[in-house]
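1. only geometry, no sequence info:
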C-alpha cells in the first residue's frame, strides 16, 4: 500500500548572494543575446518608438518583438517554435489519425500523448530532444509538462518519471538559459518548478532506491522507516560548461526519522541550472550559489537539513538560506535558516510550510498565500460560524411570533435558509482547507470542493430569492400568488439551481481530471476554467441584488420629496439602514471579488474581500436579526413570558405549601380566601 504523504511543492534551497555576482552562464548569455539586434529592427531608435516585430527563422512559426532601449533595438519576447501537435510524435501517420479523431472530440497534445503511450510517456521524447531550444519550444514543453502533472493525479511509476525528467532535462540545458528571458510568460520557470514537484510527489517508490539521473535534473527516491539509520541524498552535478561540479546533500538524521510513519517515501530532486533560469526569466536580484534542491517529505517531518557546496568560493561573500515560494514566485527567507558556513559550503535547516487556503480563493484564479489573509479568514470564519448559530437559534425561538403574516413568513424563510446554507458552506470550506490537497486526498478533495461549491451557490441563490421577493413586493401586489406556490418557487431557486450547476460542473470537468486545482481543494482555473461555474452565477446575482437595493433606495427617497427637513433626515437614516441591512443579506460585499478576479495578485483586494465576506455571518446576525425591531420585540416578549412562567410556578409552589400547612392547622377562613389572590395580583 502506498504510504499516505503530505506532499509539498516547496523548494528547499541554497545560499544566495548579491546581484553583482550573477551566475556566469546567465550573465554571459543575457549580454550576448540582448545586445545583438536583428533584421529590420537594426539602427538608431527612440524610446517612444512603437515595438518592432520580426518574423521567425525559416521552418519555425511565431514572431519576435523588439523594444527600443537606449536608442537601440533589444529583443523583448519571442514565440518562435518548431514543435506542434503534428510533428511532436515519432509517427506522423499516428499523429494524423489522432488529429482526424479529434474532429469528433477535441484532443490536446496531452490527450494524444496519453492515448499513444500511457505506460511510460516515451513516444514524444525523441521529437522534443531533436527540437531547438528556442523560446516558443521551451514554452510549449513547459505547458505540456504542466498539463501532464495535472492530468496524472494518481501514482506515477519509475518509467513515467524517467520520461518526464528527460523532457524537463532538454529545456533545463545550460545552453537554453538565455532563451528563458524571451518567453512571453515570465512565470514559465515557476510553472516548470511547480509541475516537476507535483509530478514527482505522485511517484510511487517500491522497495529499491529510485535513481533517475540526467545532466540537468537528478531525482532520488527511497522508503524510510523509524528503524532506519540516518540517511542522506548526495548530488554531484555540473553547473556550467566548464566541467566544474558542485555537491548538495539532503540530510535525514535518525532523530528526524523517528517522527515519520513506517514506511514513508522521501523524494529529492536536484537542479544545477534552475537557479540561473529563475533569475533569467524573472530578472531577480538574488543569485543562486549552489544546487537547487527540491524535497518531498512526509507531513510528520517538520524540518530537514540541507548542505550546499558553493559555486563561487570567494571569501567574504555573505550567504543566506532561502526557500522558493511557488505562489508568489520569489525566494522566501523565512523558509530556511543558515546553521553554519565556510568558504566551501553552507548548511541550512529548512522547514516546509503550507498555509491553509484564504477565503479569497473562492473568487480569485490565483492562490495568494499570505499570513494576513490566513488570519483574517479563520478568525472571521470562526466569528461568522458562531454568529450564524446564534442567528438560527434566535429565528427558531421567535419563529411563531414573527411569521404571522405571509410577507414576514417568506422573509424569515429566506433569512433562515441564507444563514443555514452559509453556515454549512463555511464549515465545508474549513474542511477543504484542512485537507492536504488533491495529491494525497483526491477523493476527499473532490467531495469537499463539490459541497463548498454547492452550498456557497445556494447562499447566493437564496439571496437572489430574497431580492426577487423584495422586487415582487415593490412592483406587484404580494398576495396575488398562493403561499404554497411562492414557497415551492423559493426552494427551487435556492437549492435546485445551485445543485444543477454544481453537478454539471463536476460531470463535465472531472472525467478529464480538470475539476480541482493542483494546489488546493477548489475549482480549477488553468485547465478547464471550472471556477467560472462559481464566479459567473455569483457576480450575476450580485448585479441583480444591487439593482434591487437601488430600487429600494429610490422608493425610500421618493417618500421624502416635498417633506419637511425632519422627515427628509429620517428618510436618509432609513436609506442608510436599508443599505446596512440589505448589503450582507443580498451578498453585495462579494462584489469585491471582481478585484480578485481581475487583479489576482493584488493583496489589497484579497484583504478587503476576505475581511468582508469571512465576517458575513456576523453581519447577517447584526443587521438581519438583532437590529430587526420585530425580532427584538418578540425576544423581549419571550423573555418576559419566561419570567412570568417562572414566577407563576414559584407562586404555585408557595400556594401548595400554604394549603398543606392549612390542613395541619386550619387558619381564619377570610385569610385563607385572600392570600393566594394577593400573590397572583402581584405578578
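-> Thanks, I have the structure now. Source: prediction; values computed, not measured. Numbering: from 1, shown residues only.
2. so who does the nearest residue to residue 59 once chain neighbours are set aside touch?
-> Ranked by C-beta to C-beta, 6 or more residues apart in numbering and with sequence neighbours excluded, the top spatial neighbour of residue 59 is residue 82, at 6.4 Å. C-beta here means a position set from N, CA and C on the backbone, and glycine is covered the same way. Counting by C-beta atoms under 8 Å, 6 or more residues apart in numbering, residue 82 makes contact with 59-61, 131-132, 134, 136-137.
3. What remains of the residues you listed if I keep only buried residues?
-> Those of those that meet the buried threshold are 60, 131-132, 134, 136-137, by 16 or more other C-beta atoms under 10 Å.
4. Any chance of these in TSV with pLDDT, secondary structure and distance to residue 485 as columns?
-> Shown next, in TSV, are the buried ones among the contacts of residue 82 (pLDDT from 0 to 100; DSSP: H, G, I helix; E, B strand; the rest coil; distance: C-beta to C-beta, whole Å):
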residue	pLDDT	secondary structure	distance to residue 485
60	88	coil	66
131	91	coil	65
132	91	coil	69
134	92	coil	66
136	93	helix	60
137	93	helix	63
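5. So which of those residues is the closest to residue 481?
-> The nearest member of those to residue 481, counting by C-beta to C-beta, is residue 136 at 61.4 Å.
6. hang on, the earlier thing: with the buried ones among the contacts of residue 82 in mind, which one is nearest to residue 608?
-> Of those, the one sitting nearest to residue 608 (C-beta to C-beta) turns out to be residue 136, at 39.0 Å.
7. now the strands for the stretch 1-150 of the chain?
-> 11-17, 52-55, 63-69, 72-78 (DSSP state E, counting those that start in this stretch).
8. Could you say which helix or strand holds residue 232?
-> Per DSSP states H and E, residue 232 falls inside strand 231-238.
9. buried sites along the next helix or strand after that strand?
-> Downstream of strand 231-238, the next assigned helix or strand under DSSP H and E is strand 245-252. Neighbour counts over strand 245-252 (16+ other C-beta under 10 Å) mark 246, 248-252 as buried.
10. elements contacting the very next helix or strand once past strand 245-252?
-> Sequence order places helix 254-257 as the next helix or strand after strand 245-252, per DSSP H and E. Judged by 3 or more C-beta pairs under 8 Å, 6 or more residues apart in numbering; DSSP states H and E, helix 254-257 is in contact with no other helix or strand.
11. Identify all contacting residues around stretch 401-417.
-> Taking C-beta under 8 Å, 6+ apart as the rule, stretch 401-417 contacts 391-392, 395, 399, 458, 462, 465-466, 469, 473, 478-479, 483, 486-487, 490, 494, 585, 620, 624-625, 630-631, 634, 637-638.
12. now do 7 Å
-> Here stretch 401-417 makes contact (C-beta atoms under 7 Å, 6 or more residues apart in numbering) with 392, 395, 462, 465-466, 469, 473, 478-479, 483, 486-487, 490, 494, 585, 624, 630-631, 634, 637.
13. where in the stretch 101-250 of the chain is pLDDT low?
-> 101-107, 153, 226-230, 240-243 (pLDDT under 70).
14. And for the stretch 251-400 of the chain?
-> 261-262, 281-286, 315-317, 325-330, 352-360, 363-371.
15. Break down it into its helices, ranges please.
-> Here the stretch 251-400 of the chain has its helices, by DSSP state H, counting those that start in this stretch, at 254-257, 274-282, 371-402.
16. would TSV of the ones you listed with distance to residue 342 and mean neighbour count be doable?
-> Listed next are the helices of the stretch 251-400 of the chain as TSV, based on distance: least, C-beta to C-beta, whole Å; neighbours: other C-beta atoms under 10 Å:
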stretch	distance to residue 342	mean neighbour count
helix 254-257	24	16
helix 274-282	21	26
helix 371-402	34	17
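17. Nearest to residue 41 among these would be which one?
-> helix 274-282 (21.6 Å).
18. Now intersect the contacts of stretch 401-417 with the strands, please.
-> Among the contacts of stretch 401-417, no member falls in strands (DSSP state E).
19. could you redo the helices of the stretch 251-400 of the chain as CSV and give each row distance to residue 555?
-> Shown next, in CSV, are those (distance: least, C-beta to C-beta, whole Å):
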stretch, distance to residue 555
helix 254-257, 68
helix 274-282, 55
helix 371-402, 23
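20. do you know which of these lies nearest residue 88?
-> helix 274-282 (22.3 Å).
21. same for that closest one, what does it pack against?
-> In terms of contacts (3 or more C-beta pairs under 7 Å, 6 or more residues apart in numbering; DSSP states H and E), helix 274-282 is packed against helix 24-34, helix 188-201, strand 287-288.
22. so residue 188 sits right up against residue 144, yeah?
-> No. Contact criterion C-beta atoms under 7 Å: residue 188 and residue 144 do not qualify, at 11.9 Å.
23. Burial check on residue 306, number of neighbours?
-> 27 (other C-beta atoms under 10 Å).
24. for it, what are its contacts?
-> 12, 249-251, 293, 348, 350 are the contacts of residue 306 under C-beta under 7 Å, 6+ apart.
25. Can you pick out the most distant pair from those residues?
-> So, the contacts of residue 306 by C-beta to C-beta: farthest apart are 249 and 350, at 12.7 Å.
26. Among the buried residues of strand 245-252, which pair sits farthest apart?
-> 246 and 252 (20.7 Å).
27. How many residues are close by residue 225?
-> Residue 225: 12 neighbours (other C-beta under 10 Å).
28. still on that earlier bit, including distance to residue 608, could the strands of the stretch 1-150 of the chain go into CSV?
-> Shown next, in CSV, are those (distance: least, C-beta to C-beta, whole Å):
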stretch, distance to residue 608
strand 11-17, 31
strand 52-55, 40
strand 63-69, 35
strand 72-78, 33
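29. quick one, which of those is packed in tightest?
-> strand 11-17 (a mean of 26; mean count of other C-beta atoms under 10 Å).
30. List the neighbours of stretch 453-469 that are in contact with it.
-> 362, 410-411, 414, 417-418, 421-422, 424-425, 428, 490, 493-495, 497-499, 501-502, 505, 523, 534, 537-538, 541, 544-545, 548, 585-587.
31. Return a ChimeraX selection command for the buried portion of the residues you listed.
-> This is how ChimeraX selects the buried members of those, with burial counted by 16+ other C-beta under 10 Å:
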select :362,410,411,414,417,418,421,422,424,425,428,490,493,494,495,497,498,501,502,505,523,534,537,538,541,545,548,585,586,587
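32. Which ones among the contacts of stretch 453-469 map onto helices?
-> 410-411, 414, 417-418, 421-422, 424-425, 428, 490, 497-499, 501-502, 505, 534, 537-538, 541, 544-545, 548, 585 (DSSP state H).
33. Please, where are all the helices along the stretch 101-250 of the chain?
-> Counting by DSSP H, counting those that start in this stretch, the helices of the stretch 101-250 of the chain are 109-116, 125-130, 135-151, 158-171, 188-201.
34. Tell me which of these sits nearest to residue 386.
-> Using C-beta to C-beta, the helices of the stretch 101-250 of the chain put helix 188-201 closest to residue 386, at 36.7 Å.
35. helices or strands up against the closest one?
-> In this structure, helix 188-201 packs against helix 135-151, helix 158-171, strand 264-271, helix 274-282, strand 292-296, with contacts taken as 3+ C-beta pairs under 7 Å, 6+ apart.
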